[in-house]
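# Kindly return the folded structure for what I paste below:
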Amino acid sequence: MTESNPLNYLFRIDDGTKGITKEQFLTRYSEMKAAGVNSESSIFSSGVEGSIEQLFDTINKSGDDNFIDASEIAALASNSTDDGENVLSESDLVKLYQDMADNIMKNYLSTSPEVMYNTSMSKFGDHPEENTYIQDLSGQIQTLQDLVTSRQITSNSIIKNLEDQIADVIKRNLDETNDANKKFKDKYDKKQQELNKYIRKSNENEQKLREAAAQKQDAELEIRVILEEIQSLDQEKDKDKIADLRKELSTVQKRFNNAKEDVDSYTEKKEDLANKISKTQSELSKMSNSDILQRLNDEKNSKIQELKQKIADEKEKAKNDIIGYNDKINTLKQAQAYAVQHTQEVAAKSAESLNFESQSGRKTSFKELSAKGLKYSSEKGQKLAQDIRSHSVGFIGKCSRYVSNALERTGLGHERRASAHMMDSALRGNGNFREITVSSLDELKSLPAGCIVVYEAGAKGYNKVHGHIEVTLGDGRACSDGVTRNMRFAEGEQMHVFVPVENA
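Purely as a prediction, here's the structure:
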């Protein structure tokens with residue numbers, strides 16, 4: 001498993017395959033759950049774990065029971081576009097959980113407990129499965145309760161991700177601000193260095209200008225002195241000296257001309273440097289990174305505001321989703337309460353109408369229970385029947401253990417024996433039950449919920465060493481570690497029936 005995103009691995013379609021089979025999906029899920037992969041994700045929470053098959057079925061909308069294909073996974077990944085359309089994330093699970101909750105309620109045509117009960121019972125034909133319906137409601141209620149937890153986990157994850165994004169925006173803004181300040185400082189320092197260079201050159205030029213001006217002035221004075229001396233000499237008598245003075249005058253004149261050119265050049269350069277200094281000083285005074293900093297700050301504040309709004313929206317959406325789940329839970333609980341009450345009323349009426357006459361006279365019949373002031377307890381019977389039905393797993397040879405566990409869980413007894421056929425003697429001492437006679441298979445199947453039937457070893461084909469024990473469900477079926485409609489009637493002492501009573 002090398003995927004950086006565990007959700008992508010969970011929903012990965014291998015090359016050359018049609019899609020992900022339910023078996024592959026459940027196997028991957030179990031492996032990742034066991035390995036603690038991405039344990040913070042709501043899809044790996046204990047709540048979703050119990051509903052993972054229903055989650056698979058919710059994703060599978062193509063009608064093919066065996067696969068979820070690429071288009072269905074793409075649809076799941078596009079539930080949210082916050083993270084990119086091809087990336088599976090907690091945001092995408094929000095819609096999936098909502099669909100799961102909606103699918104649960106699609107089983108019913110109404111939110112009326114009575115209509116829901118009648119609609120569900122009509123699907124079973126001649127054999128209404130009240131306990132199955134009640135158990136289904138329990139499973140659906142549990143799934144929705146799990147979704148409440150998972151939705152909160154999802155919301156926390158989404159909010160944490162958004163808060164992390166806010167922290168990242170703040171950090172990135174600080175980095176960009178520091179970078180902008182550094183760039184500004186580098187630019188400012190560079191301009192300051194340029195100004196300093198101009199000032200240095202200006203000072204050097206000024207020195208050279210002064211030197212050139214002094215040389216010009218000296219040459220000019222020297223020219224004047226030579227001219228005056230020439231004028232003072234006799235042109236004929238001092239002819240040779242005048243010639244020498246004129247040569248000297250020519251040399252000094254050249255020095256004067258050079259000095260003058262230097263003065264003119266340095267003067268021009270002085271003006272140019274003065275202009276550059278003035279311009280650079282002006283540029284320095286105008287330099288600022290406030291606009292950049294303001295833009296960065298505005299971008300930061302805008303993004304943070306956007307993310308905070310998403311957090312507020314997510315909190316509101318999570319709250320509404322959870323309210324919606326709880327509304328569905330309340331609807332199902334009301335339906336369950338109605339079904340339990342209705343089933344108890346039907347069972348009580350059925351028990352009252354039963355008239356199990358004793359053939360042998362050795363045991364008490366339903367009619368004789370009433371004569372003794374004892375009455376079938378619908379409450380105890382329904383509680384025991386519902387409990388053992390909810391824990392049944394299929395026949396695994398543990399009937400006695402499953403019945404004993406159900407008695408303990410419901411507070412109706414602590415009887416445990418090494419073999420099922422030994423439970424009759426134990427139950428005779430349990431004040432919550434009274435033994436009755438049953439004279440036919442029809443009477444056996446007509447027993448209300450919560451009656452315990454004990455078979456002797458080898459009776460009616462049951463285990464030759466341990467016998468068998470089961471609890472009636474009130475609809476012609478019985479349950480221990482598994483559920484059966486094939487109840488078996490045994491005559492005489494081969495079968496013992498115990499009915500839960502009210503005033504034990």
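# Just give the closest residue to Met32, not the sequence neighbours.
Nearest non-adjacent residue to Met32, counting by C-beta to C-beta, 6 or more residues apart in numbering: Pro6, 6.0 Å away. C-betas here are computed from N, CA, C, even on glycine.
# And Ile73, by the same measure?
Phe11 (4.9 Å).
# State the distance from that neighbour to Glu72.
According to C-beta to C-beta, to the nearest Å, Phe11 and Glu72 sit 9 Å apart.
# neighbour-wise, which of the two wins?
Using other C-beta atoms under 10 Å as the criterion, Phe11 and Glu72 rank with Phe11 on top: 23 against 18.
# contacting residues for that one?
Phe11 is in contact with Ile20, Ile68, Ile73, Leu76, Ala77, Leu88, counting by C-beta atoms under 8 Å, 6 or more residues apart in numbering.
# ok, of those residues, which one's closest to Lys380?
Using C-beta to C-beta, Ile68 comes nearest to Lys380 of these, at 44.9 Å.
# The closest one: neighbour count?
26.
# Mind telling me what element Arg434 is part of?
strand 433-436 (DSSP states H and E).
# Skip ahead from that strand and say which helix or strand is next.
Helices and strands here follow DSSP H and E; after strand 433-436, the next one along the chain is helix 441-445.
# Pull out the CA atoms of that next one and give them to me as PDB.
Extracted in PDB, the C-alpha atoms of helix 441-445 (Å, rounded to 0.1, in the frame of the first residue of the first chain):
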ATOM      1  CA  LEU A 441     -47.200 -28.800  16.600                       C
ATOM      2  CA  ASP A 442     -49.800 -26.200  15.900                       C
ATOM      3  CA  GLU A 443     -50.000 -25.300  19.600                       C
ATOM      4  CA  LEU A 444     -46.100 -25.200  19.700                       C
ATOM      5  CA  LYS A 445     -45.900 -22.800  16.800                       C
END
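# Tell me the buried residues in that helix?
Buried residues in helix 441-445, counted by 16 or more other C-beta atoms under 10 Å: Glu443, Leu444, Lys445.
# Out of those residues, the closest to Arg210 would be?
Nearest to Arg210 among these: Lys445, at 130.6 Å, using C-beta to C-beta.
# Give me the spatial nearest neighbour of the closest one, chain neighbours excluded.
Gly476 (4.4 Å).
# mind checking how far the one you found is from Lys380?
Distance from Gly476 to Lys380, by C-beta to C-beta: 20 Å.
# What of Phe395?
For Phe395, the distance to Lys380 - C-beta to C-beta - is 25 Å.
# And Asp102, by the same measure?
Asp102 sits 37 Å away from Lys380 when distances are taken as C-beta to C-beta.
# what's Glu314 in contact with, if anything?
Each residue near Glu314 by C-beta under 8 Å, 6+ apart is listed here: Ser155, Ile158, Ile159, Leu162.
# which residues of the stretch 51-200 of the chain fall in helices?
52-59, 70-77, 90-105, 113-122, 130-232 (DSSP state H, counting those that start in this stretch).
# and if you look at the stretch 201-350 of the chain?
Using DSSP H, counting those that start in this stretch, helices in the stretch 201-350 of the chain cover 239-286, 290-353.
# so of the ones you listed, which one's packed in deepest?
Neighbour counts averaged per stretch over these are highest for helix 290-353, at a mean of 16; criterion: mean count of other C-beta atoms under 10 Å.
# shaky segments in the stretch 1-150 of the chain?
For the stretch 1-150 of the chain, applying pLDDT under 70 flags the ranges 1-5, 16, 37-40, 46-47, 62-65, 79-87, 123-132.
# didn't Arg477 look like it was pressed against Val471?
No - Arg477 is beyond contact range of Val471, at 9.8 Å (criterion: C-beta atoms under 8 Å).
# Have a look at those two and say which one is more surrounded.
More crowded of Arg477 and Val471, by other C-beta under 10 Å: Val471, with 29 against 22.
# Check whether that one sits in a helix, strand or coil.
Per DSSP: H, G, I helix; E, B strand; the rest coil, the secondary structure class of Val471 is strand.
# and it, what does it touch?
Each residue near Val471 by C-beta under 8 Å, 6+ apart is listed here: Leu384, Ala385, Ile388, Val403, Ala406, Gly450, Cys451, Ile452, Val453, Ala478, Cys479, Ser480.
# I'd like those laid out as TSV, including distance to Phe56.
Putting these into TSV (distance: C-beta to C-beta, whole Å) gives the following:
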residue	distance to Phe56
Leu384	34
Ala385	31
Ile388	29
Val403	34
Ala406	31
Gly450	36
Cys451	39
Ile452	38
Val453	38
Ala478	32
Cys479	28
Ser480	31
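# Give me the subset of those lying in strands.
The members of these that map onto strands under DSSP state E are Ile452, Val453, Ala478, Cys479.
# Isn't the first one up against Ala478?
Same thing as Ile452. No - the pair Ile452 / Ala478 is not scored as a contact, 9.4 Å apart, by C-beta under 8 Å.
# can you list the domains in this structure?
The chain breaks down into these domains under automatic domain parsing: 6-174, 189-292, 354-500.
# mind checking which of those domains is nearest Lys315?
Of these, the one closest to Lys315 (C-beta to C-beta) turns out to be domain 6-174, at 7.0 Å.
# What's the end-to-end length of that closest one?
Start and end residues of domain 6-174 are separated by 32 Å (C-alpha to C-alpha, to the nearest Å).
# can you give me the offset of it from its chain's centre?
Computed by C-alpha atoms, centre = their mean, to the nearest Å, the separation of domain 6-174 from the middle of its chain amounts to 11 Å.
# again with stretch 206-221
87 Å.
# pLDDT (mean, whole number) over it?
For stretch 206-221, mean pLDDT is 94.
# Over to stretch 161-169?
95.
# Out of the contacts of Phe11, flag the one nearest to Phe489.
Nearest member of the contacts of Phe11 to Phe489, counting by C-beta to C-beta, is Ile68, at 47.8 Å.
# May I have the beta-bridge partners of the closest one?
Ile20 (DSSP bridges).
# Asp146 versus that one, what's the distance?
21 Å.
# you'd agree Leu195 is up against Ser282?
No - Leu195 lies out of contact with Ser282 (C-beta under 8 Å); the separation is 10.2 Å.
# Give me the pLDDT value at Gly411.
95.
# Make sure it is indeed in a strand.
No - using three-state DSSP, the assignment for Gly411 is coil, not a strand.
# Contacts only, for it.
With C-beta under 8 Å, 6+ apart, Gly411 has no contacts at all.
# Next, it: phi, psi?
Backbone torsions for Gly411, taken as degrees, to the nearest 10, come to phi 70, psi 20.
# for Glu491, same thing?
phi -80, psi 160.
# Against Val438, how distant is it?
As judged by C-beta to C-beta, Glu491 and Val438 stand 10 Å apart.
# swap in Phe498?
11 Å.
# Thanks a lot, catch you later.
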